[in-house]
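*Asks:* Quick check, what structure comes out for this input:
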Amino acid sequence: MPYHVIERPSRTRMARRWIVAGVLVLLGATAAASIAVARPLTVTVDGLPYEVAGGTTVAMLRGVVAFNAPAGDLRDIRGSVIDTGGGSPARVLRNGRAAAEWQRLYPGDVLISRRGQNRIESIEITDVPVPYETIVEGSGTLADVRRAGRNGLRRVVRGAVSGIEIGDTHLADPQHELIVRRSPHPRSKLVALTFDDGPWPTWTEAVLEVLAEHEVPATFFVLGRQAERHPALVKRIADGGHLLGSHSVSHKRFNTVKPARVHKETVQSRRLIADAVGVDSPWIRPPYGAMNAGAWGAVREAGGRVVLWDVDPEDWRKPGTKKIADRVVRATKPGSIVLLHDGGGDRTQTVKALPKIIKRLRGKGYTFVTVEELVEANGVKKGKAALSASDTAQASGETP
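*Replies:* As a prediction, this is how the structure comes out:
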């Protein structure tokens, strides 16, 4: 009779069978676990029953159940509450023992909440600048920085949330900025005519024609926005031998805007002048002469030199040609800086008054100079243009 020979399977085939069996067992276990996790379970929280999904942890429970006990408070470094409930969350006891957030819940678990712990705010240590003050001495027409300002420094310990200071250590004193305002006191009768708010078509041109006719140098404080519109007029001023200075860009009062704005306008107005004539000028007349501590510091940082005035006929009010001339001649003294306008509107009266001012002041022995020449002649350096008629005569050996 025939026999069937059953061969022993190879090792490879046996290994494959064991792997398949293992995978089937694992899949079965996973499916059973999934069924167990998906099955809802009932737990008691602060005396009330709750049905939650299987696999829920203590941390997950906080999102679906409102515990009776509140969170702790956040307190400042003095102990006062600054944030109710801002401390640690409510503590949870599971079956009488402290429960970790990661622990899973099981059917019949009893959970009890306890008030969370209070938390004290952290502290921060900061080095805080002590701002320097700007001290302005005098009330003259020229302003110079005699001493630059430098902030002091203190180390402060305070609450990170409340800001309450509990420690303050002095590290360095501030060095206060010193601005000295003075008026020129030349040894001869010198006067500087200055014009604001230009360049302005028609009126700047008319002023330049009068100055050229009488061979008078002057100083023009131009607005940046006007210089940008009329660069050819700015160049014509410089070509006429006159000094250019800036009058800001927008004519905003420097004491009503932030120091950063003052700095920006000072730099931009100087740049616009340089773009037109190729020469930088540090001289600046703040609109309305309005300055405060922040503005002084901003102008200094921008490299500006402030020029004000001591003779103001208020020609912008258009009081009449005669009044403008009379006011200038009556108020002028050696070293005066006269404020006039070549822009901002109709300047017919100013243009007509200008020849009268020049003739009458020359008749009193005055010589006209730019602001820069006036500064140089003030006991520092006497330039050729700062010589009065009597000085010229003495230098040449003639009798005035």
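*Asks:* What's the per-residue pLDDT of S139 here?
*Replies:* Predicted confidence (pLDDT) for S139: 87.
*Asks:* That one: neighbouring residues, count only.
*Replies:* 10 (other C-beta atoms under 10 Å). All C-beta atoms are positioned from the backbone trio N, CA, C, and that covers glycine.
*Asks:* Ok, H251 next?
*Replies:* 18.
*Asks:* What about the residue lying closest to Q175 once chain neighbours are set aside, how many residues nearby?
*Replies:* Nearest residue to Q175, sequence neighbours excluded (C-beta to C-beta, 6 or more residues apart in numbering): R150, at 4.1 Å. Residues lying near R150 (other C-beta under 10 Å) number 15.
*Asks:* Provide the backbone phi and psi angles at R150.
*Replies:* phi -140, psi 130 (degrees, to the nearest 10).
*Asks:* Do a quick rundown of the strands in the stretch 251-400 of the chain.
*Replies:* Assigned by DSSP state E, counting those that start in this stretch, the strands in the stretch 251-400 of the chain fall at 283-284, 305-307, 336-341, 367-368.
*Asks:* Identify the residues contacting the most centrally placed residue in the chain.
*Replies:* What sits nearest the mean C-alpha location of the chain, by C-alpha atoms, centre = their mean, is A260, with 4.5 Å. By C-beta atoms under 8 Å, 6 or more residues apart in numbering, the contact set of A260 is A298.
*Asks:* try G320
*Replies:* G320 neighbours (C-beta under 8 Å, 6+ apart): Q349.
*Asks:* Show me where this structure has its helices.
*Replies:* If DSSP state H is used as the criterion, the helices of the chain fall at 11-38, 58-62, 203-213, 224-229, 231-239, 259-277, 293-301, 321-331, 348-363, 371-376, 389-396.
*Asks:* Can I get the fourth one as PDB, trimmed to CA atoms?
*Replies:* Think helix 224-229. C-alpha atoms of helix 224-229 as PDB (Å, rounded to 0.1, in the frame of the first residue of the first chain):
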ATOM      1  CA  GLY A 224      12.600 122.000   4.100                       C
ATOM      2  CA  ARG A 225       9.400 121.600   2.200                       C
ATOM      3  CA  GLN A 226       9.900 124.900   0.300                       C
ATOM      4  CA  ALA A 227      13.500 124.100  -0.400                       C
ATOM      5  CA  GLU A 228      12.400 120.800  -1.900                       C
ATOM      6  CA  ARG A 229       9.900 122.600  -4.200                       C
END
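*Asks:* What are the contacting residues of it?
*Replies:* 197-200, 234, 246-250, 265, 268-269, 272-273, 276, 343.
*Asks:* ok, now the fifth one?
*Replies:* Contacts to helix 231-239, defined as C-beta under 8 Å, 6+ apart, come from residues 198-201, 204-205, 208, 220, 222, 227, 244, 273, 275-277, 279.
*Asks:* Could you identify the least confident member of the residues you listed?
*Replies:* Within those, the minimum per-residue pLDDT falls on V279 (89).
*Asks:* Which residues are in contact with that residue?
*Replies:* Applying C-beta under 8 Å, 6+ apart, we find V279 in contact with A238, L244, I273.
*Asks:* Export those residues to CSV and append columns for neighbour count.
*Replies:* Formatted as CSV, the contacts of V279 follow (neighbours: other C-beta atoms under 10 Å):
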residue, neighbour count
A238, 17
L244, 24
I273, 25
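*Asks:* any idea which of those residues is the one closest to R181?
*Replies:* For the contacts of V279, the closest approach to R181 (C-beta to C-beta) belongs to L244, at 22.3 Å.
*Asks:* how close does the residue nearest to Q175 sit to A260?
*Replies:* As judged by C-beta to C-beta, to the nearest Å, R150 and A260 stand 19 Å apart.
*Asks:* Ok, G108 next?
*Replies:* Taking C-beta to C-beta, one finds G108 at 68 Å from A260.
*Asks:* And Y366, by the same measure?
*Replies:* 41 Å.
*Asks:* one step back: highest average neighbour count across the helices of the chain?
*Replies:* Burial of those is given as mean neighbour count (mean count of other C-beta atoms under 10 Å); helix 371-376 ranks first at a mean of 23.
*Asks:* how far does that helix sit from the chain's center?
*Replies:* Per C-alpha atoms, centre = their mean, to the nearest Å, the displacement of helix 371-376 from the mean C-alpha position of its chain is 33 Å.
*Asks:* again with stretch 343-355
*Replies:* Put simply, stretch 343-355 sits 38 Å off its chain's centre (C-alpha atoms, centre = their mean).
*Asks:* what does stretch 94-114 give?
*Replies:* Counting by C-alpha atoms, centre = their mean, stretch 94-114 comes out at 56 Å from the chain centroid.
*Asks:* Pull the residues that contact that stretch.
*Replies:* When contacts are defined by C-beta under 8 Å, 6+ apart, stretch 94-114 is touched by residues 41-46, 52, 55-59, 61, 67-69, 90-93.
*Asks:* Please state the mean pLDDT value computed over it.
*Replies:* 94.
*Asks:* With that, I have no additional questions.
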